[in-house]
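Novice: below is the structure, and that's it, no one-letter string:
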């Protein structure tokens, strides 16, 4: 029974590690509630790149820069980030299954890979996930990219977001106003809390 409890705690921690990368605000709250500690690390920046395909699948690539305050926290985070990719894929699917309670869509993780580079006090995490469910046909018959109510960054973070979409899609609306639109790329640069943008397209 002790081993079962230990495994459950480990799975809970790894779930929080997954959501720390992809669902920033909620994850950080969960992380510190779980550990019952004051914050001992900070996510400095996120570079996020979405690539949307004709079949509505999405590549979600994230580079995250994290600074830790204590070596113990550094080692704990490294241990979590080094969880095997197959386990993190499963945990990420669990996080999307929970998301269905808020957003009634069919979410699926098609593939997952990650790498970690570190040198105390800094940790650099790169993750690339192929997903379904972020893009769908809305009630107006338009193609929509959205994830309402979900954060991409938290307070004091620097985040860049780029969204690549098919060349034969026409942009109908973009919320919020992007930093730039160039050819088939929509980009944002922001400091602080930033949520998923809502984009509407028409396939020409």
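Specialist: Yep, that arrived. If you're wondering where the values come from, they're calculated on a predicted model, not measured in any experiment.
Novice: residues in contact with residue 152?
Specialist: By Cβ atoms under 8 Å, 6 or more residues apart in numbering, the residues touching residue 152 are 24, 46, 48, 159, 161, 194, 195, 196. Heads up, the C-betas are built off the backbone N, CA and C, glycines and all.
Novice: quick check: the spatially closest residue to the fourth one that is not a sequence neighbour vs residue 85, distance?
Specialist: When the adjacent residues along the chain are set aside, residue 159 lies closest to residue 153, with 3.8 Å between them (Cβ to Cβ, 6 or more residues apart in numbering). When distance is defined by Cβ to Cβ, to the nearest Å, residue 153 is 24 Å away from residue 85.
Novice: which one of those two has more residues nearby?
Specialist: More crowded of residue 153 and residue 85, by other Cβ atoms under 10 Å: residue 153, with 24 against 14.
Novice: so the more buried one bridges to which residues?
Specialist: Counting by DSSP bridges, residue 153 is bridged to residue 194.
Novice: residues in contact with it?
Specialist: 24, 43, 46, 159, 190, 192, 193, 194 are the contacts of residue 153 under Cβ under 8 Å, 6+ apart.
Novice: list buried residues within the residues you listed.
Specialist: 24, 43, 46, 159, 190, 194 (16 or more other Cβ atoms under 10 Å).
Novice: so which of the residues you listed belong to strands?
Specialist: Of the buried ones among the contacts of residue 153, the ones assigned to strands by DSSP state E are 43, 46, 159, 190, 194.
Novice: so what's the last one up against?
Specialist: With contacts defined as Cβ under 8 Å, 6+ apart, residue 194 is in contact with 151, 152, 153, 159, 161, 188.
Novice: same question for the third one.
Specialist: Contacts of residue 159 were listed using Cβ under 8 Å, 6+ apart, and they are 45, 46, 47, 48, 152, 153, 188, 189, 190, 191, 194.
Novice: dump those into CSV; add distance to residue 59 and pLDDT as well.
Specialist: Output for the contacts of residue 159, formatted as CSV (distance: Cβ to Cβ, whole Å; pLDDT from 0 to 100):
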residue, distance to residue 59, pLDDT
45, 20, 87
46, 16, 86
47, 14, 91
48, 11, 91
152, 15, 84
153, 19, 82
188, 17, 97
189, 20, 96
190, 21, 93
191, 25, 91
194, 20, 88
